[in-house]
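1. Here you go, sequence then predicted model.
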Amino acid sequence: MALVDVVLGVDIGGTNTVFGYVDKEGKCLHEASMLTNGDEPAELFFERFYAAESAIFEGLKHRCRVLGIGIGAPNANYYCGTIEQPPNLKWGFVNVVQEMKKYYDVPVALTNDANAAAIGEMVFGAAKGMKNFIVITLGTGLGSGIVANGQIVYGADGFAGEIGHTTYDPAGRDCGCGRKGCLEAYASATGIRRTVCELLALRTGASELRAVSLNDLTAKMISEAARRGDTIALEAFEMTGEILGLKLADSVAHTSPEAIILFGGLAAAGDLLFIPTQRSLEKHLFPIFRNKVKLLPSGLPLGNAAVLGSSALMWNELRK
Ligand SMILES: [Zn+2]
């Protein structure tokens, strides 16, 4: 039986690292996960990764052949193959490609997690066939990957496409990055929680969210409350969409994308977020761009999305 060609896709996260073997059609043959243990030195992580991965590959080697490795990670630099001061990992500055090359004799490429999501959409998901689009990942923070003329925009230093840290309100909320009023402080799972807290203080109306303590409040609870008609939760989604649409209108002016794809936990709220975002986007667009930009949900299955994105990075390299 002929071996199936696959790419090993790896998503290094703050808590877990997920990896899987993906064929060129985007089918994930096997997926596994391990603790990242970001407090330990990076070298130990790569040692543990190789042990875990080779144990699993032992059972697959009669079926497939690994052509390369694609890795998505926070603060990753595609040009240098490095991760630089990632939040949640006490690794400092690590050359990931070099570390992986100690164990593997195949091509290795690295990019940040939002860019991996964008390449994943381009190769396997909602942006198949598109050459100009933006992917916004709405999780704890707001990540973004910009594709222009068929290429990820990396910029001079490899860090281009940080829409989450463009300014919505210069006198606004503190952002984790040290600045004030970044889009991420409003349009993210954390941002919408902060919005709910502000609205609860501002409004006197009943809301099921009044009974939830701030520490326990999640974006999922907010979307569930909104679906039940909770006015505070609905207003929070309206505000989030309004702010997101306004800032996306700026991004459209920079690259004129065919579509903007919303990805991640908060995007799973569906119409609750998409309708106000689309409305605000159209309202704030420079007129020549109006009624042209599609706002789409991710086309990647939520469970495998990170691994598909990382593997797509390498599939895309191999096709070059
Ligand atoms: Zn910021």
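-> Sure thing, it's come through.

2. Name the nearest residue to the residue of the stretch 201-320 of the chain at minimum distance from the ion, sequence neighbours excluded.
-> Across the stretch 201-320 of the chain, no residue is closer to the ion than Lys247, which sits at 12.3 Å (Cβ to the ion). No exception for glycine: its C-beta is placed from N, CA and C like everyone else's. Computed as Cβ to Cβ, 6 or more residues apart in numbering, the closest residue to Lys247 that is not its neighbour in sequence is Leu183, at 4.8 Å.

3. Count the residues that sit near Ala312.
-> 28 (other Cβ atoms under 10 Å).

4. was I right about it contacting Gly70?
-> Yes. Counting by Cβ atoms under 8 Å, Ala312 touches Gly70, with 6.8 Å between them.

5. List the residues that are in contact with both of those two.
-> Applying Cβ atoms under 8 Å, 6 or more residues apart in numbering, one finds that Ala312 and Gly70 are jointly contacted by Gly9, Ala116.

6. hang on, the earlier thing: enumerate every residue touching the residue nearest to Lys247.
-> Listed by Cβ under 8 Å, 6+ apart, the contact partners of Leu183 are Leu142, Ile163, Gly164, His165, Thr166, Thr167, Tyr168, Ile243, Leu244, Lys247.

7. Same check on His284?
-> So His284 contacts Gly245, Leu246, Ala249, Asp250 (Cβ under 8 Å, 6+ apart).

8. So the second one is in contact with Tyr168, correct?
-> Yes. With contact defined as Cβ under 8 Å, Leu246 counts as touching Tyr168 (7.3 Å).

9. Run through the residues of the stretch 101-250 of the chain sitting next to the ion.
-> The stretch 101-250 of the chain has residues His165, Cys175, Cys177, Arg179, Cys182 near the ion, with proximity defined as Cβ under 5 Å from the ion.

10. so what's His63 up against?
-> Check again: residue 63 is Arg, not His. Met1, Leu3, Val4, Leu29.

11. nearest to the ion, of the contacts of Leu183?
-> Nearest to the ion among those is His165, at 3.8 Å by Cβ to the ion.

12. how many neighbours does the residue lying closest to that closest one once chain neighbours are set aside have?
-> What sits nearest to His165 in space, not counting adjacent residues and going by Cβ to Cβ, 6+ apart, is Cys182, at 4.8 Å. Counted with other Cβ under 10 Å, residues neighbouring Cys182 total 29.

13. Bridge partners for Cys182, pull those for me.
-> Beta bridges link Cys182 to Thr167 when assigned by DSSP bridges.

14. can you pull the contacts of it?
-> Shown in contact with Cys182 (Cβ under 8 Å, 6+ apart): Gly164, His165, Thr166, Thr167, Tyr168, Arg173, Cys175.

15. Report the separation between it and Asn77.
-> Look at Cys182 and Asn77: by Cβ to Cβ, to the nearest Å, they are 21 Å apart.

16. What of Glu208?
-> Counting by Cβ to Cβ - Glu208 and Asn77 are separated by 44 Å.

17. neighbour-wise, which of those two wins?
-> More crowded of Glu208 and Asn77, by other Cβ under 10 Å: Asn77, with 21 against 14.

18. Break down the stretch 201-320 of the chain into its helices, ranges please.
-> Taking DSSP state H, counting those that start in this stretch, the helices of the stretch 201-320 of the chain run over residues 219-227, 231-255, 271-284, 305-319.
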